[in-house]
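Colleague: pasted the sequence and its predicted model underneath.
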Amino acid sequence: MSQSLKEQLLALGLASTPRVSCGGASAGPKERQRKPVNADLALDQAYRLRAQHEKEAALQKKEEKRLKDLENRRINKQIQALVEAHKRNDAGAEFKRNFMYKGRIRSVLVMPEQLRALNAGELGVVFLRGGYYLLAPQDLEQARAISPDHVPDLSGAEPSEAEDERFKVPDDLVW
């Protein structure tokens, strides 16, 4: 960072090394004017080049976001078609089944027999546009094949062994 701007531009190849004339004091006014003009042109060129790179990076980021959005829409349409054809939600449901999904507690309304089936693993839940829908296991597998992120894990599994190791209670601890 202690390099001057001139040295940095030379290192990047954006400026050429200055030519020293033999005459020193006898150099005409044209040569004296040319050096600062060349430095300004190199600096202008550096700014233009940086602006061009920033613009290209912004366009590439925008294109990646557009492609990701298109992919998300395609996935949502496929899951929506599956949900509309096979959902088992009941409008008169009165019981809440809570579960963890994406780090938050979520819930779906179910009937008593659906709650038993959900707890037994005979039914599953799919997330679509802010709603949770009950599906049979074979339909749930189809949704999982389309996008695993749309299928919450209802097993309530214990933390993994790696998490247990982080919070392991020492054997010599006496309560």
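Modeller: That came through, no problem. Numbers count the residues shown, from 1 in each chain.
Colleague: for Ser16, phi and psi?
Modeller: When quoted as degrees, to the nearest 10, the phi and psi of Ser16 stand at phi -100, psi 160.
Colleague: for burial, what's the neighbour tally of it?
Modeller: Neighbours of Ser16 under the rule other C-beta atoms under 10 Å: 10. Just so you know, the C-beta spots here come from the backbone N, C-alpha and C atoms, and that holds for glycine as well.
Colleague: next one: Ala136
Modeller: Other residues close to Ala136 by other C-beta under 10 Å number 15.
Colleague: surely it and Leu123 touch.
Modeller: Yes: using C-beta atoms under 8 Å, Ala136 is in contact with Leu123, at 6.6 Å.
Colleague: identify the contacts common to these two.
Modeller: Residues within reach of Ala136 and of Leu123 at once, by C-beta atoms under 8 Å, 6 or more residues apart in numbering, are Arg88.
Colleague: so, low pLDDT: which residues of the chain?
Modeller: Low-confidence segments of the chain, defined by pLDDT under 70: 1-2, 18-40, 156-164, 175.
Colleague: pull the longest helix from it.
Modeller: Across the chain, the longest stretch assigned as helix under DSSP state H is helix 29-86.
Colleague: mind listing what Tyr133 touches?
Modeller: Shown in contact with Tyr133 (C-beta under 8 Å, 6+ apart): 83, 87-89, 108, 125-126.
Colleague: identify the farthest-apart pair in the residues you listed.
Modeller: Across the contacts of Tyr133, no pair lies farther apart than Val83 and Val108, at 12.7 Å, counting by C-beta to C-beta.
Colleague: same drill for those two, tell me which one is more crowded.
Modeller: Neighbour count, other C-beta under 10 Å: between Val83 and Val108, Val108 has more, with 24 against 21.
Colleague: element containing the more buried one?
Modeller: strand 104-110 (DSSP states H and E).
Colleague: quick one: list the elements packing against the helix or strand following that strand.
Modeller: Counting by DSSP H and E, the element after strand 104-110 in chain order, helix or strand, is helix 112-120. When contacts are defined as 3 or more C-beta pairs under 8 Å, 6 or more residues apart in numbering; DSSP states H and E, helix 112-120 packs onto strand 95-101.
Colleague: got the contact list for the strand it packs on?
Modeller: The contact list for strand 95-101 (C-beta under 8 Å, 6+ apart) reads 105-112, 115, 118-119, 125, 127, 152-154, 156.
Colleague: and it, C-alpha only, in PDB?
Modeller: Output in PDB follows, covering the C-alpha atoms of strand 95-101 (Å, rounded to 0.1, in the frame of the first residue of the first chain):
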ATOM      1  CA  PHE A  95     -55.200 -29.700  15.800                       C
ATOM      2  CA  LYS A  96     -51.800 -28.100  15.300                       C
ATOM      3  CA  ARG A  97     -48.800 -30.300  14.500                       C
ATOM      4  CA  ASN A  98     -45.600 -28.200  15.300                       C
ATOM      5  CA  PHE A  99     -42.300 -29.000  13.700                       C
ATOM      6  CA  MET A 100     -38.900 -27.400  13.000                       C
ATOM      7  CA  TYR A 101     -38.300 -26.100   9.500                       C
END
